[in-house]
Structure formats: C-alpha cells, structure tokens
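> Show me how the following folds:
(one chain, ligands or ions: 1)
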Amino acid sequence: MLHRPGHEIENITPDSMERLLFDDIPYLPIAQEEHDFFAQTLRDNGTEVIYTEDLATEALADEAVRNEFIERQVAEAGFVAGVTHDALVEYLKALTPRDLVTRIYEGVRRDDLELKALDLAAVSENTAWPFLMDPLPNAYFTRDPQASIGEGMSVNKMTFPARQRESMITEYILKYNPRFAGRVKVWRDRNHASHIEGGDELVLSDHVVAIGISQRTTADAIQDIAKSLFANSDYDTVIAISIPHNHAMMHLDTVFTMINYDQFTVHPDILTEDGKVDNWVLYPGKDGEVTFEHHTDIKEVLKKALGKSEIDLIPTGNGDPIVAPREQWNDGSNTLAIAPGEVVTYNRNYVSNALLREHGILVHEVRSSELSRGRGGPRCMSCPIVREDI
Ligand SMILES: NC(=[NH2+])NCCC[C@H](N)C(=O)O
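Numbers count the residues shown, from 1 in each chain. Sure thing, here's the model as predicted:
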C-alpha cells in the first residue's frame with residue numbers, strides 16, 4: 001500500500017516545515033516521478049501495488065459514512081462547533097468522495113471557505129496561518145499510520161498532530177473498503193493516549209516482532225500491543241529495542257531493518273562500541289500479563305528468538321564515522337525487503353548499497369533526490385498488506 005505524493009507537498013512552507021516534520025520542500029513533479037519509479041520497481045518484482053487514496057475513496061462511497069468521517073476529521077483538526085466548524089463541514093460535504101480524499105490530504109485553506117458571520121472563536125483564530133485543516137504531507141510514508149502483523153493490524157495513535165489524522169483514514173479503509181471490511185483483526189486501535197507508529201513495528205517471523213522504543217513509540221504502547229498479540233494471535237515474543245529519541249532516527253526502521261532470515265541492516269550509532277543496545281524481550285506471563293527480560297546483546301537475542309546460529313548485522317555506510325551518519329540521514333538503513341535477501345533502497349546511499357551486495361543481497365535501487373527530503377526511505381514509503389508464508 002502506497003500513497004502517491006500530491007499537492008500536500010506543495011502546501012509546506014518554511015514556517016510550517018518543522019511542525020509538519022519536513023526538513024525541506026520537495027519539488028513535487030520530480031517526487032512524483034521518483035515515486036512512480038518506486039511503484040513500478042515493486043510491480044516489476046511481483047508485488048501488487050494499491051494506493052491509500054483509491055482505497056479511501058472506495059471506503060467513503062456511502063454518504064452516511066462520508067459524513068461521519070468529515071465530522072471526525074474536522075473535530076480532530078480542532079473544530080468541534082461554531083461557524084468555522086460548520087463552514088468546513090458544509091464545504092467538505094459538497095465534494096465527491098475522490099475530491100474529499102484529495103482535500104483531506106492537501107488541507108483546507110481559510111480562503112477555500114466563505115466564512116460569513118463570525119463568532120468569537122472564529123475571530124480569535126490564528127489568521128496568520130492560511131490553513132484551517134493542515135495538509136498531510138507525510139502521508140506518502142504509508143508505513144506509519146498502521147502496521148500489518150500476521151492476520152491483523154495495529155491502527156496507530158500517532159505522536160504528532162501533523163500525522164494523527166492519517167490513521168483515521170486507515171480506520172475507515174479497514175471498516176468500509178470491501179477488500180478489507182470484516183477481514184482484518186485490529187490488535188490495537190487508535191483510541192489510546194500512548195502512541196506507536198508503524199516505522200517502529202518490525203515483523204521478524206510468524207511469532208516474533210521487534211518494536212522500537214523511540215521518539216514515536218512509548219514503552220506503554222508496546223506492553224499494550226504485546227498483551228493483545230499474546231492473547232489473540234500466534235505472536236509470543238516482542239523485542240523492544242531502545243533507540244535515541246531524535247528526528248534523524250524517529251523510528252526503529254531508520255536504524256535497523258530485517259533483510260533476510262538472518263541478516264539485518266544496522267546504523268552503528270545505535271550500538272555501543274562492543275555492539276550492544278538496550279532491549280527488553282516480552283513474553284506471555286501469568287493471567288494475561290506480560291513478563292520481560294532486559295538484555296543488551298542484540299545478536300544473541302535475535303539468534304534465540306529466530307532460532308539461528310548466526311546473525312549478520314550489516315552496518316550502514318560501512319560503519320565509517322562520516323559516511324554512516326550521512327547515509328543514515330538519507331535513509332541508508334531504511335531498506336525494504338521484498339523477499340528474503342532482496343531489497344529496494346535509495347540509489348544515493350551507494351556505500352551502504354555496495355556493502356549489501358558484498359553480503360549477498362540483491363539490491364534494486366530507486367531514485368531519491370526529492371522523496372528523501374521527507375526523511376523516509378523505501379520501507380517508510382510502503383505498508384505491506386499480505387506477506388507470503390515462506
Ligand atoms: N517509517 C519511517 N521511518 N517513516 C519516516 C517518517 C518521516 C516523517 N517525516 C515523520 O517524521 O514522521
């Protein structure tokens with residue numbers, strides 16, 4: 001599942017960039033070309049590509065469903081009553097399902113509406129910012145609002161307001177799109193205070209997941225989803241890995257990804273000099289509770305959880321103190337495995353790519369000048385729906 005970047009990207013300004021979690025403003029026509037190339041690479045290698053914008057349009061075909069979605073989107077954008085709320089709802093209700101979806105991604109500007117008689121709330125609004133409903137420029141990172149784990153999904157309460165409304169779109173797709181409705185279990189929904197994002201959720205096998213404790217995912221949320229997985233699925237092991245809480249490494253998959261049964265990419269900066277990182281292994285405990293053990297030797301933990309005698313950790317940028325952080329910044333660790341030992345990566349991370357090939361990995365490179373400005377790579381830009389049992 002992908003989202004083709006649209007005009008929401010052009011609705012980023014220098015003033016809103018930081019709040020919208022971007023470091024620069026991508027040039028949209030090239031970003032779209034790069035994205036189409038990425039989608040075609042997946043198709044050429046046997047993947048069916050579906051788009052959130054199409055799934056959401058289908059999910060919102062029914063007028064009553066659409067009206068409920070509009071009310072909830074407007075409320076989560078900060079308007080529960082009053083003239084602005086009413087004008088937004090009226091404006092969005094007049095749109096076709098396709099245009100509504102586009103508008104939700106692109107945002108609604110103050111001057112899209114005709115605000116007639118103002119009330120106190122409306123006159124006291126921040127008129128310096130042209131948007132009433134912000135654009136969702138991070139939507140092309142479809143990895144994060146939800147995560148597929150076994151036969152179900154985690155529909156995520158996201159961390160920053162800039163992204164929270166994205167997972168409501170997932171909620172409606174799962175509930176009302178005929179391809180999904182009634183067929184997908186939800187391990188944890190988005191109605192929680194503690195947050196979790198898909199970039200932190202890594203499925204390692206049919207019974208093991210790794211989850212980052214990060215800027216975006218709290219230990220609370222991990223315990224909570226572990227409890228649900230242990231009670232309702234075949235998953236019996238959750239490895240919680242602690243990573244630095246910063247923008248360059250906002251999710252576990254920016255510093256650590258699985259690319260084969262026994263091979264992983266890892267950014268050397270998350271490991272101590274002797275290769276350790278704090279991690280906790282969660283298991284089912286008594287009475288539906290969760291028990292956990294603290295470890296630091298991630299290799300040993302992975303060996304045991306996956307039943308392997310060796311684990312190959314491949315360092316981003318070959319571990320060089322300049323190359324590794326540079327390539328990590330442009331998602332050199334964010335590899336998308338499309339089969340064991342076969343990955344899609346950004347072409348700009350040529351040191352990491354060469355090293356992957358030396359380790360026997362088949363690497364498909366995709367273009368990355370504009371897409372990378374959003375701080376996400378091929379893994380972030382894709383959400384698997386069905387994984388073959390291999
Ligand atoms: N799975 C990922 N690593 N996603 C990257 C998301 C980047 C996006 N700008 C954000 O800050 O949310």
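> Setting aside sequence-adjacent positions, which residue approaches residue 38 most closely?
residue 366 (4.7 Å; CB to CB, 6 or more residues apart in numbering). For the C-beta atoms, the positions are set from N, CA and C on the backbone; glycine is no exception.
> how long is stretch 287-298 end to end?
End-to-end distance for stretch 287-298, by CA to CA, to the nearest Å: 28 Å.
> Same question for stretch 90-102.
Stretch 90-102 end-to-end distance (CA to CA) = 16 Å.
> Which residues are in contact with whichever residue of the stretch 201-350 of the chain sits closest to the ligand?
Using CB to the nearest ligand atom, residue 251 is the residue of the stretch 201-350 of the chain that sits closest to the ligand, at 3.8 Å. Contact analysis of residue 251 by CB atoms under 8 Å, 6 or more residues apart in numbering lists 144, 197, 198, 199, 200, 212, 214, 215, 216, 217, 380.
> For the second one, grab the count of nearby residues.
If you count neighbours by other CB atoms under 10 Å, residue 197 ends up with 33.
> Just the buried positions in stretch 247-259, please.
In terms of neighbour count (16 or more other CB atoms under 10 Å), stretch 247-259 has its buried residues at 249, 250, 251, 252, 253, 254, 255, 256, 257, 258, 259.
> what distance separates it from the centre of its chain?
Distance of stretch 247-259 from the chain centroid (CA atoms, centre = their mean, to the nearest Å) equals 11 Å.
> how many other residues sit next to residue 301?
21.
> if I look at it, how far off is residue 261?
16 Å (CB to CB, to the nearest Å).
> List, one by one, the residues from this structure near the ligand.
Counting by CB under 6 Å from any ligand atom, the chain comes close to the ligand at 21, 138, 141, 143-144, 163, 199, 250-251, 253-254, 374-376, 380.
> Repeat the analysis, applying 5 Å as the threshold.
21, 138, 141, 143, 199, 251, 253, 254, 374, 375, 376, 380 (CB under 5 Å from any ligand atom).
> What is the neighbour count of the residue in the chain positioned nearest to the ligand?
When scored by CB to the nearest ligand atom, the chain has residue 199 as its residue closest to the ligand, at 2.4 Å. Per other CB under 10 Å, the neighbour tally for residue 199 reads 24.
> can you check residue 333 too?
By other CB under 10 Å, 31 other residues sit near residue 333.
> again, but for residue 185
Neighbour count for residue 185, taken as other CB under 10 Å: 13.
> who's it bridged to?
When bridges are called by DSSP bridges, residue 185 pairs up with residue 152.
> that older thread, okay, the contacts of residue 251 in JSON lines with secondary structure, pLDDT and distance to residue 95 next?
Below are the contacts of residue 251 laid out as JSON lines (DSSP: H, G, I helix; E, B strand; the rest coil; pLDDT from 0 to 100; distance: CB to CB, whole Å):
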{"residue": "144", "secondary structure": "coil", "pLDDT": "98", "distance to residue 95": "26"}
{"residue": "197", "secondary structure": "coil", "pLDDT": "98", "distance to residue 95": "29"}
{"residue": "198", "secondary structure": "helix", "pLDDT": "98", "distance to residue 95": "28"}
{"residue": "199", "secondary structure": "helix", "pLDDT": "98", "distance to residue 95": "31"}
{"residue": "200", "secondary structure": "helix", "pLDDT": "98", "distance to residue 95": "34"}
{"residue": "212", "secondary structure": "strand", "pLDDT": "98", "distance to residue 95": "37"}
{"residue": "214", "secondary structure": "coil", "pLDDT": "97", "distance to residue 95": "36"}
{"residue": "215", "secondary structure": "coil", "pLDDT": "97", "distance to residue 95": "35"}
{"residue": "216", "secondary structure": "coil", "pLDDT": "98", "distance to residue 95": "31"}
{"residue": "217", "secondary structure": "coil", "pLDDT": "98", "distance to residue 95": "34"}
{"residue": "380", "secondary structure": "coil", "pLDDT": "98", "distance to residue 95": "29"}
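> out of the residues you listed, who has the most neighbours?
That'd be residue 197 among the contacts of residue 251, by other CB under 10 Å, with 33 neighbours.
> Do I have it right that that residue meets residue 160?
No: with contact defined as CB atoms under 8 Å, residue 197 does not count as touching residue 160 (9.7 Å).
> what residues are shared contacts of those two?
Counting by CB under 8 Å, 6+ apart, nothing touches both residue 197 and residue 160.
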